[in-house]
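Novice: Show me how the following folds:
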Amino acid sequence: MGLDLAVVMDVAGTILRMYRVAKDIRRGLMLERVVTWELIMEKGGRALVVPQMDPDIICTMRPDDPLVTVVQGREHLLAVSCSSGKLSKERAIDILSGSKAKVRDLQEVHQAVKARCPEKYRTAGMIVDDDRAEVVYTLSTGGVPFPGMKEVLLDLKQMGADVYVASGDSMRSLDCLEDLGIDLKRVYPVCSPKRKKEVVSDLKGRYGRVVMVGDGLNDIYALRAADLGILTVQQDTRPASALREAADVVINDIKELPKMVK
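Specialist: Modelled structure (predicted):
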């Protein structure tokens with residue numbers, strides 16, 4: 001088929017329609033249909049920290065234990081997915097160790113998502129604030145493929161495109177993409193915004209043309225780096241004007257993607 005066209009896709013909000021629930025730890029409030037990046041970008045020094053493990057395991061832990069219990073002995077599974085400033089994994093662990101948050105704070109958001117999204121794709125994580133040295137939100141996400149997604153991916157392959165995935169999620173969460181016909185060897189997990197750009201840039205060295213498809217601010221660098229940047233607003237994540245400007249094309253339905261790629 002030849003190394004000619006690569007299509008790189010984000011997952012949350014692009015391949016999968018997402019349902020998210022966050023808990024504001026300080027106020028004790030549950031927040032539905034949140035946008036992760038908006039919570040992170042409220043101020044500098046925040047980061048999404050994801051324990052790359054099955055959230056159902058977290059639900060077996062003692063609710064009143066400190067939240068750091070989730071990662072103790074599993075530090076190698078912890079990843080800083082995205083941030084509004086420089087924050088190392090080691091600093092994130094320090095913040096978790098001193099946090100007043102409890103395991104139940106993470107369990108509650110996951111259980112709320114599981115009730116709506118019983119399928120395979122579910123994640124749970126925490127947003128930490130470096131200035132406050134505290135966990136400010138716990139967060140859980142579930143997702144199901146947008147209608148027609150399997151057909152979209154098949155159309156792309158039939159036109160000769162190699163489909164890749166660049167996602168901020170862990171590989172554990174992304175295994176479900178195989179059900180859609182995506183080759184897991186072409187999946188790049190736990191990608192920061194800059195890492196997504198690197199994936200696109202690396203593929204441009206191997207393919208004649210590279211398309212990036214995304215829906216959020218964490219895709220902005222990759223959209224700019226691609227030969228064609230396609231922003232999808234099907235998730236309705238209130239894209240910022242800078243994100244629209246970074247894209248060459250905006251689509252309202254993922255079913256439009258094959259036509260735009262052609």
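Novice: how much space between residue 23 and residue 31?
Specialist: 7 Å (Cβ to Cβ, to the nearest Å). The C-beta positions use only the backbone N, C-alpha and C, and glycine is treated the same way.
Novice: In terms of packing, which of those two has more residues around it?
Specialist: Neighbours were counted for residue 23 and for residue 31 using other Cβ atoms under 10 Å; residue 23 has more, 25 against 15.
Novice: Going toward the C-terminus from the helix or strand encompassing residue 244, what's the next helix or strand?
Specialist: Secondary structure from DSSP states H and E places residue 244 in helix 241-246. Once helix 241-246 ends, the next helix or strand along the chain (criterion: DSSP H and E) is strand 249-251.
Novice: ranges for the strands of the stretch 1-150 of the chain?
Specialist: Secondary structure of the stretch 1-150 of the chain, counting by DSSP state E, counting those that start in this stretch: strands at 5-9, 16-24, 29-32, 46-51, 78-83, 122-129, 134-145.
Novice: If you average pLDDT over each of those, which is lowest?
Specialist: With a mean of 86, strand 78-83 has the lowest mean pLDDT of those.
Novice: starting at the chain centroid, how far to that strand?
Specialist: With Cα atoms, centre = their mean, to the nearest Å as the basis, strand 78-83 stands 10 Å off its chain's centre.
Novice: Run through the neighbouring helices and strands of it.
Specialist: Applying 3 or more Cβ pairs under 8 Å, 6 or more residues apart in numbering; DSSP states H and E, we find strand 78-83 packed against helix 36-40, strand 46-51, helix 89-98.
Novice: Sheet partners, orientation included, of that strand?
Specialist: Strand 78-83 has the following sheet partners, assigned by DSSP bridges: strand 46-51 (antiparallel).
Novice: Give me the angle between the strand it pairs with and strand 134-145.
Specialist: Calculated by axes from the mean of the first three to the mean of the last three Cα atoms, to 10 degrees, strand 46-51 forms an angle of 60 degrees with strand 134-145.
Novice: how about strand 46-51: buried residues?
Specialist: 46, 47, 48, 49, 50, 51 (16 or more other Cβ atoms under 10 Å).
Novice: The strands of the stretch 1-150 of the chain: which one's closest to residue 251?
Specialist: Of all those, strand 5-9 sits nearest to residue 251, with 12.5 Å by Cβ to Cβ.
Novice: and the closest one, what other elements does it pack with?
Specialist: When contacts are defined as 3+ Cβ pairs under 8 Å, 6+ apart, strand 5-9 sits against strand 161-166, helix 193-204, strand 209-214.
Novice: Okay, now the unreliable bits of this structure?
Specialist: Scanning the chain with the threshold set as pLDDT under 70 gives 1-3, 118-120, 237-238.
Novice: In it, which helix is the longest?
Specialist: Longest helix of the chain, by residue count under DSSP state H: helix 103-116.
Novice: distance of residue 251 from residue 261?
Specialist: From residue 251 to residue 261 the distance is 11 Å (Cβ to Cβ).
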